[in-house]
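Undergrad: no sequence on this one, just coordinates:
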């Protein structure tokens, strides 16, 4: 067997033996959340009797985890001291890109549920190619689905396990998938530590699977570093002593020392051989990050637990008493009869099945030795009130064990005002706040690992789409772009190799979505209380509204801001669009007076012009009327002439009777 495989086997066994009690309890917690709340012995003892499971564990777990889902903290970067904020802005944009591409909020939420359920959850940081046709790599955050598959170094004591010197992550592969992934490799899997039935069923699968393991190791390394005369610190590893001495004699190097550091390696192994070559991970920390519910140091070791651990016993008792109550109620219609053998000897089969088969009647024979002559039923005892009271007490005990009470669980209570209800809910949030705080430990360490990886992963020239915190649109950033050479040294724009903990630092904050919703709610409330704010901050309020075209609305409202606000923005940000300078008040008054005079002259000219037009229109109207009158006179004159001509003609013609007589004579 290869020494490395034996080393991995021994590491798993050592971690398991050290943390055996916590692991077994954690497995029991996970089963409990899944509804497996009766032990095998209890089920055997109640065989044939009611076994009721009223699982409230999931309700308490979701009540702790879901508020964290809604307000998941996010990892940010800010400048450290007086350093240039441009590098911090790029780092912050990279973090936002990594979190988005990884769907990191879902990864963190999965680990939060594990932390609450069994006391510990894990995730990992990995690198992968951008796509199938690219040589550029990116950083991603991935979940570890089974928290029991991680075997950390038991000597690590930090809450984020940043001091682990080794760690083993085991995965179970179906046999056929293993053969396709690693053809020709032996299908011998690693042995399950402890070989317990619970461990076998939860973590290691069945006989048709192969268990492989990632064996992570952090090794100390010594690097020689030098401080140049300019103050810059460079690494000299690989340079000979003679060359270092020569540079020192020339005055280029001011100081030299050995720096202790670490490198991280990972080897994928099975139970028989190495499956993939060892590779060096681009960070000084092992990229496996835990979040832990609570740890209590004891003389015999460390006791670790989550939200469910102390809820298990009152839940079991609650299930038991509800099962007893159901059993008692179920026996009410099955109370026995007092009969003699003679009364039922001819109908024994009917009486034997009376409690199982609905029977419309029960026949019997009279027995003269029985007073009254008929069977007598024994009245069942009433349901003990103590059962109901105990169930209520156990329900309260579960709330006491978790710190989540009625208002936190969504139930109605005596409070009627929103402030009072909010205060009760806040009590539940305070009782589980240590889970949020421990989550932040893991997020901070994740940010440090990513920040340490960025110069090594993003080490070539590339352009990336990034979005600044709160910005409406993305912008393209080019990193590691060579610009020019000066005195034999290349100048690089956005040089990622210069990013370090001395230039930026990791912080935590609200994610953009939840912070925007909270800001919008507060601004709208402030606007209702002080409506005048809308005149000077309408663009800010619109920008935080979760509506379509909010950015366009904000831009339009920004254009309507008073000049004083725009000038104030210009004074604070010299790169902002230039605004017209405000004129002197006296000069502005003179300009206004001159403008008023010019406007008055224009108005007077417009009035005179309008009067001339009106006069011309009136004269034209009179001329048109005169023309109409003349035409009427002409038409009247022509009519009179025509009438006179007709009359003259009529007088010159003979009378009709004379004309007809003249015709007869002819």
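TA: Received, thanks. Every value quoted in this text rests on a predicted model; they were computed, and no experiment measured them.

Undergrad: Break down the stretch 201-350 of the chain into its strands, ranges please.
TA: Listed in chain order, the strands of the stretch 201-350 of the chain (DSSP state E, counting those that start in this stretch) span 209-228, 233-235, 253-269, 274-281, 288-292, 294-298, 301-305, 337-338.

Undergrad: Same list (the ones you listed) but as a markdown table, adding mean neighbour count and mean pLDDT.
TA: Where C-beta positions appear, they are placed from N, C-alpha and C, glycine not excepted. Output for the strands of the stretch 201-350 of the chain, formatted as a markdown table (neighbours: other CB atoms under 10 Å; pLDDT from 0 to 100):
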| stretch | mean neighbour count | mean pLDDT |
| --- | --- | --- |
| strand 209-228 | 18 | 88 |
| strand 233-235 | 11 | 74 |
| strand 253-269 | 15 | 88 |
| strand 274-281 | 14 | 92 |
| strand 288-292 | 25 | 95 |
| strand 294-298 | 11 | 91 |
| strand 301-305 | 17 | 91 |
| strand 337-338 | 12 | 80 |
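
Undergrad: Throw those into TSV and include distance to residue 453, thanks.
TA: Converted to TSV, the strands of the stretch 201-350 of the chain look like this (distance: least, CB to CB, whole Å):
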stretch	distance to residue 453
strand 209-228	15
strand 233-235	17
strand 253-269	11
strand 274-281	8
strand 288-292	13
strand 294-298	28
strand 301-305	29
strand 337-338	80
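
Undergrad: Which of the ones you listed sits closest to residue 71?
TA: If you check each of the strands of the stretch 201-350 of the chain against residue 71 by CB to CB, strand 288-292 wins as the nearest, at 15.8 Å.

Undergrad: Distance from the chain centre to that closest one, please.
TA: A distance of 19 Å separates the C-alpha centroid of strand 288-292 from that of its chain, computed with CA atoms, centre = their mean, to the nearest Å.

Undergrad: Which secondary structure elements does it sit against?
TA: Counting contacts by 3 or more CB pairs under 8 Å, 6 or more residues apart in numbering; DSSP states H and E, strand 288-292 packs against helix 104-118, strand 120-129, strand 150-152, helix 433-457.

Undergrad: who wins for proximity to residue 327 among these?
TA: The stretch from the helices and strands packed on strand 288-292 with the least distance to residue 327 (CB to CB) is helix 104-118; that distance is 30.4 Å.

Undergrad: circling back to that earlier point, mean neighbour count and mean pLDDT added to the helices and strands packed on strand 288-292, as CSV?
TA: As requested, the helices and strands packed on strand 288-292 are exported to CSV (neighbours: other CB under 10 Å; pLDDT from 0 to 100):
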stretch, mean neighbour count, mean pLDDT
helix 104-118, 23, 93
strand 120-129, 20, 94
strand 150-152, 22, 95
helix 433-457, 19, 90
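
Undergrad: Tabulate those (JSON lines), appending distance to residue 93.
TA: What follows is the helices and strands packed on strand 288-292, written out as JSON lines (distance: least, CB to CB, whole Å):
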{"stretch": "helix 104-118", "distance to residue 93": "15"}
{"stretch": "strand 120-129", "distance to residue 93": "18"}
{"stretch": "strand 150-152", "distance to residue 93": "31"}
{"stretch": "helix 433-457", "distance to residue 93": "11"}
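
Undergrad: what's the closest of the ones you listed to residue 350?
TA: Among the helices and strands packed on strand 288-292, the nearest to residue 350 by CB to CB is helix 104-118 (52.9 Å).

Undergrad: In terms of secondary structure, what does the closest one contact?
TA: Here helix 104-118 touches helix 20-33, helix 57-70, strand 120-129, strand 137-143, strand 288-292, helix 433-457, going by 3+ CB pairs under 8 Å, 6+ apart.

Undergrad: And the average pLDDT for the fourth one is what?
TA: Meaning strand 137-143. Per-residue pLDDT values across strand 137-143 average out to 94.

Undergrad: now the angle between helix 433-457 and that strand, please.
TA: Strand 137-143 runs at 160 degrees relative to helix 433-457, counting by axes from the mean of the first three to the mean of the last three CA atoms, to 10 degrees.
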